[in-house]
Structure formats: C-alpha cells, structure tokens
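K.L.:
Pasting a predicted model and its sequence here:
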Amino acid sequence: QVQLVESGGGSVQAGGSLRLSCEASGRTLRIVAMGWFRQVPGKEREFVAAKRWSGGTHYADSVEGRFTISRHRVKNTVYLEMNSLKPEDTAVYYCALQIQGGSGFGYWGQGTQVTVSS
C-alpha cells in the first residue's frame, strides 16, 4: 500500500510564500519522480512541477521562477517552495508519485488547499 501525505497548505496574501511537503510511504518504493499538480473547481487538474529522482526538474510556465521543487536527501519526500504567490495560484494542490514499472504518476495524495488573497 503506497501512501502520500501532504502538508503545508494554507492562506496567504498575494506576494507571500508557502511551502508544501509530501512524504511517500508504503512498500519498498523505487521512485522515478514526484510532482505537484493543482486543481480549481470546474477545471482540469494541471501540472505544476516535477522532480526526477535522477536529478531533473520540470515546471509549468506559470510558476517558473516563482516555485521551486526539491527532495529530501534521504527520505521519500518532496517539497514545493512557492514564492511571489498570486491569487491565480489558489487551488487544491496534489502530490503525485511515479514508480519504476508504472505508467506516469500512478499515486496521488489527498490534496491540500492553497488560498492566495489579493
């Protein structure tokens, strides 16, 4: 059983910062990548950022330069540092996990709300 536990969401004013965390646990994991997606009501879930355990990172154009994804050196944990937040960043943020042998991000967290007020 693979489990993703997210933390760190909340409310902040525009221009502020938040840090999200996500820890993966369960059976022996051979992680390929972990990432973050977000969703607002009535819209499809969209990609935010991803971190390959081999070292690469990828960002959506909308967050490039403001968000930073990183991983814990030892733990199966990924972080999303969000700076210069904008009201349009308001969404439920979901952590996602891709493991070896899987097809894309096959495991998801429960989501954490991020609200940015103007």
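P.N.:
Here it is on my side, so go on.
K.L.:
Report the rounded mean pLDDT for stretch 68-80.
P.N.:
Averaging pLDDT along stretch 68-80 yields 94.
K.L.:
Just list the residues touching residue 35, thanks.
P.N.:
47-51, 58, 69, 78, 95-96, 98, 105 (CB atoms under 8 Å, 6 or more residues apart in numbering). Using the backbone N, CA and C atoms, a C-beta is placed for each residue, glycine as well.
K.L.:
Find the residue at the geometric middle of the protein.
P.N.:
residue 36 (2.5 Å; CA atoms, centre = their mean).
K.L.:
Just give me the neighbour total for the closest residue to that residue other than its chain neighbours.
P.N.:
Excluding its sequence neighbours, the residue lying closest to residue 36 (CB to CB, 6 or more residues apart in numbering) is residue 48, at 4.3 Å. Neighbours of residue 48 under the rule other CB atoms under 10 Å: 24.
K.L.:
about what we covered before: narrow the contacts of residue 35 to those that are buried.
P.N.:
For the contacts of residue 35, a burial check counting by 16 or more other CB atoms under 10 Å picks out 47-51, 69, 78, 95-96, 98, 105.
K.L.:
pretty sure residue 3 contacts residue 26?
P.N.:
Yes. Residue 3 is in contact with residue 26 according to CB atoms under 8 Å; the separation is 5.3 Å.
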